[in-house]
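J.: Let's see this in three dimensions:
(chains A, B, C and D)
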Amino acid sequence: MVVNQIPFEEFRMLIRRQGLRVAIGPFNVCIHTSYKPLIEQLYLLYSHYRIVQDEIAEFHVRIVTERSLRNPFKRNVRFLLDGQSPFESFPQEQALAALEWGINLAIAVRVNHLLLLHSAVVEKNGHVILFPAWPGSGKTTLCTVLSYHGFRLFSDEFGLMDTQRQLFLPIPRLMPLKNESIAVIRNYLPDIVMGRPIPNTQKGTVAHVRPPEKSILLSKHTCKARWIIFPKWIADTSVKIEAISDAEAFMMLASNAFNYEALGAAGFGAVANLIRSCDCFKLVYSDFDSVMEVLHQLTNET
Amino acid sequence: MKLDLPLHCQILLNGLTDPACLRRYCDSDWELLVRMARRVKLLGRLGLLVKEYGIWDQVPPRITTQMASALVQVEKLQQLNRWELNRVLWALNDLDTSIIALKGVAYTLAEIPYASGRLSIDLDLLVPQSDLADIESLLMVKGWKHRPLSAYDEHYYRVWSHEIPPLVHAERETEVDIHHTLIPLTSRLKINPELLFDTAIPVNNSTIRLLNPVDMVIHCAINLFQNNELANDLRDLLDLHDLMVFFSARTIDFWTQLIDRSNQLKLSRAVFYSLHFSQLIFKTPVPKKVPVRLHARPGRLKLWIMNRLVPLALFPQHPDKPMLSASLARLLMYLRSHLIRMPLYILVPHLAYKSVRMIRFKSRKSRS
Amino acid sequence: MTEERSHLQTDTAQQPLKASMNDTHKRNRRKLLKGTVAVPVVMTLYSGAALARTSNITGEADSIENAVFKDTINGPQLLCVFPDPMQTQIPGGPYDLGQFPQATLIQEPKIDLTASAETVLTSKMQQLEECHARGGIMISAVAYTSIMSKTGININPTW
Amino acid sequence: MHWRTNHFETLLIENWNEEYTVFQPDSGKTHFLNQMSMEMLIYLDQKPATLEEISAYMAAQFQQQPDHSFQRNIEKVLYHFDTLGLVKKSFVSSWHGSQPDSI
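T.: Numbers count the residues shown, from 1 in each chain, chains lettered A, B, ... in the order given. The predicted structure is shown next:
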């Protein structure tokens, strides 16, 4: 059963009463809230997720409303993980952003049975491309474009790696576009479903893109990585891709991970194996058409 | 006295003490158990128990992945603590002093069962007060720093506390807490740290030492019933249970020594409560005559009140349905812990300062 | 240096792409740091909060392509780092950047990214020459993230 | 005073064309080493050496002038290795008569 197969009223009851349990990649998340605007947004943006009411959920999250401390006439929302609040409260219009950040935080701090790289991940021809975060790289924007142009979305944020089997696990979540990227993507991909832009968040204006239905449908299909590409968007440059040294790729990848250090020797071995089995590049680009041409060529070579 | 626990607490307690019952746990029991165990820092411990009992493969995969993750975290923190101790000893190598490891690292060095599943965040050390200034300045020369502190906090640590402000190395994240005694200086109770150093036990191949078994138990007891607020401290009571089970099986007159030492150090009240609640909750095999010989036993009314409050405070709240009675119990235990640590003329301004600061902190955060 | 580079440009995609793919083995000869100079270098991967470091020893990046360029409104500018004058330094390194690394951005010549790759490279090399002339070195992105970014590098635009 | 390696045998070392990534289980840290710093560790692992000895060896290996500033730089790296726990000082010249190990 998928979210859009049940009527809104049933969805609303579920999320208010026992909590809505959805499968997001390898994890089940149980979401509770009574805040109607959020429920409406989720009904649209989570519409392709599978409902798993009778399964165990790893993450139990809640968005509750409360009165603002400073302004009694204003209402705030608070994110709770297992009843505990890791953040201060947010203005109520930021409820969706708070929920999405909260779930990311929960994954980042709790999951250690997988290596968590900080990377966008897409798949093509049965192989995974990693785009590890580079400061100001715009990896979410690139990932959004790719996932609607022939690449399967694994994640715009988490490279989840099963270190034993050297496999990557998809975890397609909403993709939060920031600031200028929102208009850029609106123009480039006019047909995709995007949440309302949320202004004045900690990261500026954010709008969440719904992941492609097919990527969610196939989210149990794991793959090995073949390419590691450190992307960087620079205005008005022609696209350029060049190989980088293995040692450099190793250090960049390891320092761009959430739990590399926690995994100790296992993390070291996993990154070493990964580098050995991948070709590592630096990518500079400014327009999507040419970057896609390069990536299609790269992935079709094999 | 029979322990009367709400269902969610029973699920946690049974899971931790009676692995056989885990075979009967359904998915929702497991889900709740994991959430509760995580709250009281015992998820790694639960993972160890499940492995040891040989039922890992029969547990739902969504549960084992969470226990495996918790074990990775426990292992990492223990490794960081061991390395921090290694680096502290390296930095102090030329100084002729005596350093005693406390709490988590000490339990590992003493090879207490399940110590490898204990989530230890900070490194706790006890040093002679006379060497404190040298140790602090030497560590600061070699790269350790104090976290930025308010003037009040600085004063609190320096004048009233039993430890100096925590130190953190510039290149690592582990906090080093250096104690010069085991009880805050404001407490009515006084302890002579020399007694602890005189009987401390060396560790093979190292300059570090450990408290002797009886002192280790007493330290754990005063942390629970003297220094802390008890909220979610079930892990510490379980430490105490582990220590007593382990040492009493190895030392013939362990219980006698424990009573004599508690009476000698005038810490028998905290030890009484520890024995009482460890026995009540974890069924620690404490011989009947032992508690009776402790000098400072509480009266019946006091014990009756404590019996009602302590378990409510020690056990975690239900993550979805917090109980008001448990919140109240926590508040009372919080006040109690402060009352026994400080005279009122310090306590009232202290709590006022802390609450004002909390409000300021919150409003500042919400503005940004 | 130019032979080592494996550019891949869309306008002439066919041929350079092939070259790049054949390069995947050659790439193994690429290095993060200059291999020609005897510089003992150790860099430690740090995680967690921004932390000050007690020593900052590094070598110069092996090629201009590995150097750090900061994006500014006037185009990319080379991050030029100055070895600590209080420490004994020998040409070729290892360079001790000291407790509080100092750096500046090289502004001239301006790098025009719309120009040909050849021109861009030339401008980059000229910025490097300017950096060397001022007694600075270029560092790799890895050195930058593992050392400099933790200390909140002091970039002095008026150096 | 001699320098010697500290638990060199426990290090996990990946060689990427004479650049190395090294995992140190004691500290849980990952280090990047180039050929020359790795060479220093390997040399010290074979036998403890004084600053003069190792400087002379490294200068010969890498065709450098073994002058004062070269030695000064080797010394800096040694002290940096020491804070990382990759090497330690040893005041006894013989390989076997070492100090007790800390934990």
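
J.: Run through who's touching the helix or strand containing residue A:9.
T.: Assigned by DSSP states H and E, residue A:9 belongs to helix A:8-16. Helix A:8-16 has contacts (CB atoms under 8 Å, 6 or more residues apart in numbering or on different chains) with A:3, A:6, A:20, A:31-34, A:36, A:39-40, A:42-43, A:51, A:53. Every residue, glycine included, has its C-beta placed from N, CA and C.

J.: And for stretch B:12-32?
T.: A:54-57, B:5, B:8, B:11, B:33, B:36-37, B:40, B:42, B:45-46, B:49-50, B:52-53, B:55, B:58-60, B:63, B:234, B:238, B:281-283, B:315-316, B:318-319.

J.: List only buried entries from these.
T.: Burial by neighbour count, 16 or more other CB atoms under 10 Å in any protein chain shown: within these this picks out A:55-57, B:8, B:11, B:33, B:36-37, B:40, B:42, B:45-46, B:49-50, B:59-60, B:63, B:234, B:238, B:281-282, B:315-316, B:318-319.

J.: Could you pull out the buried residues of the helix holding residue A:9?
T.: The neighbour-count check on helix A:8-16 (16+ other CB under 10 Å) flags A:11-12, A:14-15 as buried.

J.: any idea of the mean pLDDT in the longest helix along chain A?
T.: Criterion DSSP state H: the longest helix present in chain A is helix A:95-110. For helix A:95-110, the mean pLDDT works out to 93.

J.: is chain B contacted by it?
T.: Yes: applying CB under 8 Å from any CB of the partner chain, one finds helix A:95-110 touching chain B at residue A:110.

J.: how about residue 85, what does it touch?
T.: Reading this off chain A. A:78-79.

J.: Let me rephrase: I mean chain D.
T.: If you count contacts by CB under 8 Å, 6+ apart, residue D:85 has them with B:83, B:86-87, B:90, D:6-7, D:24, D:26-27.

J.: mind running it again at 10 Å?
T.: Residues in contact with residue D:85, defined by CB atoms under 10 Å, 6 or more residues apart in numbering or on different chains, are B:83, B:86-87, B:90, D:6-7, D:24, D:26-27, D:29, D:102.

J.: And for residue A:66?
T.: Neighbour list for residue A:66: A:75-78, A:89, A:92 [criterion: CB under 10 Å, 6+ apart].

J.: where does the stretch 101-250 of chain B have low pLDDT?
T.: For the stretch 101-250 of chain B, no stretch has pLDDT under 70.

J.: which stretches of chain D form strands?
T.: D:2-5, D:12-15, D:19-24, D:29-34, D:87-90 (DSSP state E).

J.: Tell me which of those sits nearest to chain A.
T.: Closest to chain A of those, according to CB to the nearest CB: strand D:19-24, at 3.9 Å.

J.: is that closest one anywhere near chain A?
T.: Yes: using CB under 10 Å from any CB of the partner chain, strand D:19-24 reaches chain A at D:19-24.

J.: Now mean pLDDT too, for the strands of chain D, in TSV please.
T.: TSV is the format used below for those (pLDDT from 0 to 100):
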stretch	mean pLDDT
strand D:2-5	96
strand D:12-15	96
strand D:19-24	95
strand D:29-34	90
strand D:87-90	92
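
J.: Highest mean neighbour count out of these?
T.: strand D:29-34 (a mean of 25; mean count of other CB atoms under 10 Å in any protein chain shown).

J.: now for it, which elements pack on it?
T.: Where contact means 3 or more CB pairs under 10 Å, 6 or more residues apart in numbering or on different chains; DSSP states H and E, strand D:29-34 is packed against helix A:246-255, helix A:265-277, strand C:42-44, strand D:12-15, strand D:19-24, helix D:35-46, helix D:68-84.

J.: Give the pairing partners of the shortest one; include direction for each.
T.: In the sheet, strand C:42-44 lines up against strand D:29-34 (antiparallel) (DSSP bridges).

J.: sec struct for whichever residue of the stretch 1-150 of chain A sits closest to chain B, please.
T.: Nearest residue of the stretch 1-150 of chain A to chain B, counting by CB to the nearest CB: residue A:112, 3.7 Å away. When classified by DSSP: H, G, I helix; E, B strand; the rest coil, residue A:112 comes out as coil.

J.: my guess is it meets residue B:76, correct?
T.: Yes: with contacts counted by CB atoms under 10 Å, residue A:112 reaches residue B:76, the gap being 8.1 Å.

J.: Enumerate every residue touching residue B:294.
T.: B:258-259, B:262-263, B:267-273, B:275-276.

J.: Against chain C, how distant is it?
T.: Using CB to the nearest CB, to the nearest Å, residue B:294 is found at 45 Å from chain C.

J.: do you know how far the nearest residue to that residue once chain neighbours are set aside is from residue B:298?
T.: Leaving out its chain neighbours, the residue that sits closest to residue B:294 by CB to CB, 6 or more residues apart in numbering or on different chains is residue B:268, at 4.0 Å. When distance is defined by CB to CB, to the nearest Å, residue B:268 is 11 Å away from residue B:298.

J.: Neighbours of residue A:82, how many?
T.: Residues lying near residue A:82 (other CB atoms under 10 Å in any protein chain shown) number 18.

J.: swap that for residue D:59, sorry
T.: By the criterion of other CB under 10 Å, residue D:59 has 17 neighbours.

J.: now swap in residue C:71 and tell me
T.: 14.

J.: What of residue B:165?
T.: 17.

J.: What does the pLDDT read for the residue positioned nearest the centre of chain D?
T.: Centroid-nearest residue in chain D: residue D:41, 3.4 Å away (criterion: CA atoms, centre = their mean). The model reports residue D:41 with a pLDDT of 97.

J.: For chain B, see how far away it is.
T.: Here residue D:41 is placed at a distance of 18 Å from chain B (CB to the nearest CB).

J.: residues touching that residue, list them.
T.: For residue D:41, the contact set (CB under 10 Å, 6+ apart) comprises C:40, C:42, D:5-6, D:8, D:11, D:13, D:20, D:22, D:33, D:81, D:86-87.

J.: Likewise for residue A:178?
T.: Counting by CB under 10 Å, 6+ apart, residue A:178 touches A:138, A:140-141, A:197, A:201, A:203-207.

J.: Which strands and helices lie in contact with the longest strand along chain C?
T.: Criterion DSSP E: the longest strand present in chain C is strand C:75-82. With contacts taken as 3+ CB pairs under 10 Å, 6+ apart, strand C:75-82 sits against strand C:69-72, strand C:102-106, helix C:117-133, strand C:137-138, strand C:154-155.

J.: Can you tell me the strand partners of it and which way each runs?
T.: When DSSP bridges is applied, strand C:75-82 pairs with strand C:69-72 (antiparallel), strand C:102-106 (antiparallel), strand C:137-138 (antiparallel).

J.: quick revisit: filter the contacts of residue A:178 down to the buried ones, PyMOL style.
T.: Entered in PyMOL, the line below selects the buried ones among those, by 16+ other CB under 10 Å:
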select buried, chain A and resi 138+140+141+197+201+205+206+207
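
J.: Out of the contacts of residue A:178, list just those in strands.
T.: Using DSSP E, these in strands are A:201, A:204-207.

J.: Dump the residues you listed into CSV; add pLDDT and distance to chain D as well.
T.: Formatted as CSV, those follow (pLDDT from 0 to 100; distance: CB to the nearest CB, whole Å):
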residue, pLDDT, distance to chain D
A:201, 85, 34
A:204, 85, 33
A:205, 91, 37
A:206, 93, 33
A:207, 96, 37
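
J.: Just give me the neighbour total for residue A:30.
T.: For residue A:30, using other CB under 10 Å, the count is 22.

J.: What separation do you get for it and residue B:76?
T.: Distance from residue A:30 to residue B:76, by CB to CB: 27 Å.

J.: Please apply the same query to residue A:89.
T.: 31 Å.
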